[in-house]
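Novice: predicted structure and sequence below. I'll ask about it afterward.
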Amino acid sequence: MDIRKQLLKEHTKENTNLIVSYVAEQQERFDALMNLFLNDEYRVTQRAAWVVGEIGRKKVEMLKPHLKAMIFNLKQANLHDSIKRNTVRVLQELEIPESLWGEVADICFGYLASKSEAIAIKCFSMTVLLNITKKVPELKSELQILIEDQMPYGSAGFKSRGKRTLKALEKLK
């Protein structure tokens with residue numbers, strides 16, 4: 001299968017699942033997908049993001065060799081929401097190496113503090129930050145304040161994730 005051509009063929013769940021099934025069989029295929037996701041044109045990266053997100057749920061170990069590149073990619077300007085959303089969704093599932101905690105926390109705090117960021121990106125960022133805060137308790141108060149400040153104005157999804165995150169933060173020492 002030519003992954004790039006298949007991504008451009010159509011943007012449907014069926015096509016995404018077809019690509020996921022193909023790519024999940026071999027690390028080399030997944031590596032080729034990641035090359036498209038991280039380096040190709042706007043439309044291809046957008047569509048590849050969905051596949052990457054699905055692989056992250058099913059075979060998270062395939063992502064580990066690409067973790068640094070994915071985090072670096074989040075720092076790029078004008079990223080499509082699908083790239084941010086699917087990358088941060090995957091970061092919720094991964095054991096992020098200590099050497100990357102600072103970078104990931106900075107990115108996720110930025111997303112959470114942003115007034116213009118999509119709700120899903122903010123919610124996934126909350127979870128990533130909670131996971132890091134379990135290892136770096138000094139971040140607890142900053143995360144609590146950010147969530148509490150936005151709770152009165154947040155969507156139902158934000159409020160739900162915010163309440164769960166605040167409850168989990170209260171249990172931390």
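Specialist: Yes, it's here.

Novice: going forward, measure contacts and count neighbours with C-alpha atoms only.
Specialist: Will do.

Novice: assign Ser116 to helix, strand or coil.
Specialist: coil (DSSP: H, G, I helix; E, B strand; the rest coil).

Novice: how deep is it tucked in, by neighbour count?
Specialist: Ser116: 9 surrounding residues under other CA atoms under 10 Å.

Novice: any idea how far it lies from Gln76?
Specialist: Distance, Ser116 to Gln76, by CA to CA, to the nearest Å: 16 Å.

Novice: again, but for Arg57
Specialist: 24 Å.

Novice: go on, Glu148?
Specialist: 28 Å.

Novice: same question, Glu61
Specialist: 24 Å.

Novice: out of the two, which sits in the more crowded spot?
Specialist: Higher neighbour count among Glu61 and Gln76: Glu61, with 14 against 8, using other CA under 10 Å.

Novice: any low-confidence regions in the protein?
Specialist: 40 (pLDDT under 70).

Novice: so for it, the centremost residue is which one?
Specialist: Val88 (1.3 Å; CA atoms, centre = their mean).

Novice: ok, for it, nearest residue in space, not its chain neighbours?
Specialist: Phe124 (6.0 Å; CA to CA, 6 or more residues apart in numbering).

Novice: pretty sure that neighbour sits against Gln92.
Specialist: Yes - Phe124 is within contact range of Gln92, at 6.8 Å (criterion: CA atoms under 8 Å).

Novice: who has more neighbours, the two?
Specialist: Higher neighbour count among Phe124 and Gln92: Phe124, with 25 against 20, using other CA under 10 Å.

Novice: which helix or strand contains the more buried one?
Specialist: Assigned by DSSP states H and E, Phe124 belongs to helix 119-133.

Novice: ok, Asn78 next?
Specialist: Per DSSP H and E, there is no helix or strand for Asn78.

Novice: for Ser21, see how far away it is.
Specialist: Counting by CA to CA - Asn78 and Ser21 are separated by 30 Å.

Novice: more crowded one of the two?
Specialist: It is Ser21, of Asn78 and Ser21, that has more neighbours when counted by other CA under 10 Å, with 14 against 8.

Novice: in three-state terms, label the more buried one for me.
Specialist: helix.
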